[in-house]
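A.B. asks: coordinates for the following, if possible.
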Amino acid sequence: MIESTQKPASPAEAVFRLSNGMSVAAIVLAAARLRIADAVGDGHESVADIAAKLDADRDALTRMMRALAAFGIFRQIDPTTYVHTEMSLAMRTDHPERLHDRLMTGGDWGWAMWGKLPEAVRTGERAFDKEYGTDFFSYLDATPDAQDMIYSGVTAWSDQMLPSIVDALDLTGVRTFADMGGGKGALLRMVLQRNPHIEGLLYEDERTLRVVLDDLRMGELSRRCRLASGDFFEKVEHPADLYLFKLTLHMYDDERVARALRNCAQAAAPGARVVIADPLLTDPPVHPFASSMDLHMLLVMGGRERTEGDYKAVFERAGLRFRGVTPTDSVLYLAEGEVVA
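C.D. replies: Residues are numbered from 1 along each chain as shown. Purely as a prediction, here's the structure:
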């Protein structure tokens, strides 16, 4: 066995290795797109058999499998034979954590956007509209495959965090809970299941309301759940004790966020609360996720992630009293404001 003699990285080498992250991501995402993990059985599998299942070039796939094994995705038995590892098993399309859906979220447009980062940093303008000639949501409306891919990926990712969000929510005194832009209603369902005294409101557009979870449409939960369509940037007509925006408002600038918060406040009684569940920026940064997502928002949506100070400013701009930020057992934090008289 050949042992590595690699020396500890110098600062320059450490930065250079970070720059190679693009190639690592490309390898992993290509494996997901090809569905290589699905083509490998429970035992030893030859590259020839995998290539036949995938209709792939045998030599190119041999090189691909070697690269994946170098990152712990599959284990090489010999140069022509591989077996699953826990990491490669997680990439199967039937894995309960739905990693495959999460990996496929960005599609081709995701690669294109990161290539526009220098221009976005120079101009401060979102790159998506310039690249595709339309805004992100209009693009998805016109590209059903991309829309399905991103919805499946974002849902798979956010559903993993639902228990931690609901655990961290302070539902003291809450009789009516409004999930604003709540998709098919997975979070609202969990809130209602855990809190039989609470009535729920799912606020979404008409198209999404047509595919709401059956649990919220019929049966016991439906008796405590209302479905309402509208645009919370224009008007909110439904009073609630707590409004929650999960992974929604970080897609927008401060002006639009303040407008949505203000509309909730105008519909609610004093003492009602509005909670934003999004990543939290910190200075100095303690984890690269939030700051990377912040740049993603700049590129694609023109939105941003926010610091605690940013949240305080936008809540106060909307006329609410800022109550602080609460961590969850996920990458999301709960920023909360209170409606005042």
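A.B. asks: roughly how far apart are the most centrally placed residue in the chain and C264?
C.D. replies: For the chain, the residue nearest the mean C-alpha position is V154 (4.4 Å; Cα atoms, centre = their mean). Distance, V154 to C264, by Cβ to Cβ, to the nearest Å: 23 Å. In this view, the C-beta of every residue, glycine as well, is placed from N, C-alpha and C.
A.B. asks: what's the span of stretch 29-39 from first residue to last?
C.D. replies: 16 Å (Cα to Cα, to the nearest Å).
A.B. asks: can you check stretch 11-28 too?
C.D. replies: First residue to last in stretch 11-28 (Cα to Cα) measures 26 Å.
A.B. asks: cool, and stretch 132-143?
C.D. replies: Chord length of stretch 132-143, first to last residue, is 12 Å (Cα to Cα).
A.B. asks: and it, how far from the chain's centre?
C.D. replies: 19 Å (Cα atoms, centre = their mean, to the nearest Å).
A.B. asks: then stretch 22-36?
C.D. replies: 19 Å.
A.B. asks: S222: neighbour count?
C.D. replies: A count of neighbours around S222, defined by other Cβ atoms under 10 Å, yields 16.
A.B. asks: what does the one 4 residues further on give?
C.D. replies: For R226, the neighbour count with other Cβ under 10 Å is 14.
A.B. asks: how close does W157 get to G41?
C.D. replies: 28 Å.
A.B. asks: neighbour count winner among the two?
C.D. replies: Applying other Cβ under 10 Å to W157 and G41 shows that W157 carries more neighbours, namely 18 against 12.
A.B. asks: is the more buried one in a helix, a strand, or coil?
C.D. replies: Assigned by DSSP: H, G, I helix; E, B strand; the rest coil, the conformation of W157 is helix.
A.B. asks: domains of this structure?
C.D. replies: The chain resolves into domains spanning 11-100, 105-156, 160-339 when parsed by automatic domain parsing.
A.B. asks: pretty sure S330 is touching D167, no?
C.D. replies: No - using Cβ atoms under 8 Å, S330 is not in contact with D167, being 9.8 Å away.
A.B. asks: between those two, which one's more packed in?
C.D. replies: Remark: of S330 and D167, S330 carries more neighbours, 18 against 12, as counted by other Cβ under 10 Å.
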